[in-house]
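Novice: structure here, sequence nowhere to be found:
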């Protein structure tokens, strides 16, 4: 999946993001506004993991939702 699709449909994906990373608040997601690097940073900060792990989780998330059609 192309991240541009997620960014462009951020409001629809916010719920799916919260299912995956439940510790992220609505305020966090509103500030992130679909920006992948900001999501990665917030996941790292919130879950206490490294950049590589956060990036892998996002990559897995993209793969899981690759069949999404707006």
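Specialist: Yes, it's here. Quantities reported herein were computed from a predicted structural model and do not represent experimental measurements.

Novice: show me the shaky parts of this structure.
Specialist: Counting by pLDDT under 70, the chain contains low-confidence residues at 1.

Novice: again, only using 50
Specialist: Within the chain, no stretch has pLDDT under 50.

Novice: and the helices in the chain?
Specialist: 3-8, 10-20, 26-32, 36-47, 51-64 (DSSP state H).

Novice: okay, the ones you listed, which one's buried deepest?
Specialist: Among the helices of the chain, helix 36-47 has the highest mean neighbour count (mean count of other Cβ atoms under 10 Å), at a mean of 16. Just so you know, the C-beta spots here come from the backbone N, C-alpha and C atoms, and that holds for glycine as well.

Novice: other SSEs contacting that helix?
Specialist: helix 3-8, helix 26-32, helix 51-64 (3 or more Cβ pairs under 8 Å, 6 or more residues apart in numbering; DSSP states H and E).

Novice: format those helices as CSV; extra columns: distance to residue 39.
Specialist: Below are the helices and strands packed on helix 36-47 laid out as CSV (distance: least, Cβ to Cβ, whole Å):
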stretch, distance to residue 39
helix 3-8, 9
helix 26-32, 5
helix 51-64, 7
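
Novice: which one of the ones you listed lies nearest to residue 42?
Specialist: Closest approach to residue 42 among the helices and strands packed on helix 36-47 is made by helix 26-32 (5.4 Å; Cβ to Cβ).

Novice: next one: that closest one to chain centre, how far?
Specialist: Helix 26-32 sits 11 Å away from the centroid of its parent chain (Cα atoms, centre = their mean, to the nearest Å).

Novice: cool, stretch 48-62 as well?
Specialist: Per Cα atoms, centre = their mean, the centroid offset for stretch 48-62 relative to its chain is 9 Å.

Novice: other residues contacting it?
Specialist: 1, 3, 6, 16-17, 20-21, 36, 39-41, 43-44, 47 (Cβ atoms under 8 Å, 6 or more residues apart in numbering).
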